[in-house]
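**Student:** need a 3D model of the following:
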Amino acid sequence: MNAEELELLGDSKYRNYGAAVDKALKNFEYSSEWADLISALGKLNKVLQNNAKYQVVPKKLTIGKRLAQCLHPALPSGVHRKALETYEIIFKIIGPKRLAKDLFLYSAGLFPLLSNAAMSVKPVLLGLYETYYLPLGKTLKPGLQGLLTGVLPGLEEGQIHNDKYCGLLCVVFRQLALT
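**Tutor:** From the prediction side, this is the model:
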């Protein structure tokens, strides 16, 4: 925990937020099929949205692991879309500065997704990259290789999203050149 998180632990409402996140995360442990995962993600989303005033998300390591698990290639696109919705909620809450700091926590699940994602998931994932990752600029440097590796398989798939892939890659290459 960093100093900001330790300071927030003195706030009883933040502690309640942490307890609510713990409770929402417990739902993942009892998931036996993909519909249970969508339900667990929905409950987590609700907790996060209800506590959006806090820019620090408790249990972020466990949340990052659970989200990455929800992006497993064997799971259906509905689970992937719901997990991407959760990522977006988190990214809005924490802002770019904290995302840059916690890049490794959230990117572990996102970067490998594109090569296995359904067509309905790909534009949402690309939107996350464009909206939240690219604006990080130089602070994205530790994750550039992973982002590049994650986006390149999209070029092989044909014409559907080629403009988005090429635009994203141009920005990534530009950032690589600047570093």
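
**Student:** need the three-state assignment for the residue nearest to the spatial centre of the chain.
**Tutor:** Compute the mean C-alpha point of the chain, and by C-alpha atoms, centre = their mean the closest residue is Y87, 3.5 Å away. What DSSP: H, G, I helix; E, B strand; the rest coil gives for Y87 is helix.

**Student:** for it, list the residues it contacts.
**Tutor:** Listed by C-beta atoms under 8 Å, 6 or more residues apart in numbering, the contact set of Y87 reads 67, 106, 110, 128. Any C-beta I mention is one placed from the backbone N, CA and C, and that applies to glycine too.

**Student:** most neighbours, which of these?
**Tutor:** Using other C-beta atoms under 10 Å as the neighbour test, the contacts of Y87 are led by L110, with 25 neighbours.

**Student:** that one contacts V151, doesn't it?
**Tutor:** No: between L110 and V151 there is no contact under C-beta atoms under 8 Å: 10.7 Å.

**Student:** show me the common contact partners of the two, please.
**Tutor:** Y129.

**Student:** ok, I90 - how many residues close by?
**Tutor:** Counted with other C-beta under 10 Å, residues neighbouring I90 total 24.

**Student:** wait, I meant L125
**Tutor:** L125, neighbours per other C-beta under 10 Å, totals 23.

**Student:** show me what secondary structure element comes after the helix or strand hosting it.
**Tutor:** Remark: L125 resides in helix 122-128, with elements defined by DSSP states H and E. Next in sequence after helix 122-128, counting helices and strands by DSSP H and E, comes helix 144-151.

**Student:** give me phi/psi at Y54?
**Tutor:** phi -90, psi 120 (degrees, to the nearest 10).

**Student:** same check, this time on E33
**Tutor:** According to degrees, to the nearest 10, E33 has phi -150, psi 170.

**Student:** flag the shaky bits of the chain, pLDDT-wise.
**Tutor:** Scanning the chain with the threshold set as pLDDT under 70 gives 1, 155-162, 165, 173, 175-179.

**Student:** for A117, see how far away the residue nearest to the centre of the chain is.
**Tutor:** 13 Å (C-beta to C-beta, to the nearest Å).

**Student:** overlap in contacts, the two.
**Tutor:** Residues touching both Y87 and A117 (C-beta under 8 Å, 6+ apart): there are none.

**Student:** and S39, how many residues sit next to it?
**Tutor:** Neighbourhood size, S39 [other C-beta under 10 Å]: 14.

**Student:** what's the spacing between it and A100?
**Tutor:** 31 Å.

**Student:** picking that back up, what comes up buried for the helix holding L125?
**Tutor:** Burial within helix 122-128, assessed by neighbour count using 16 or more other C-beta atoms under 10 Å, is assigned to 122, 124-126, 128.

**Student:** that concludes my questions; thank you for your assistance.
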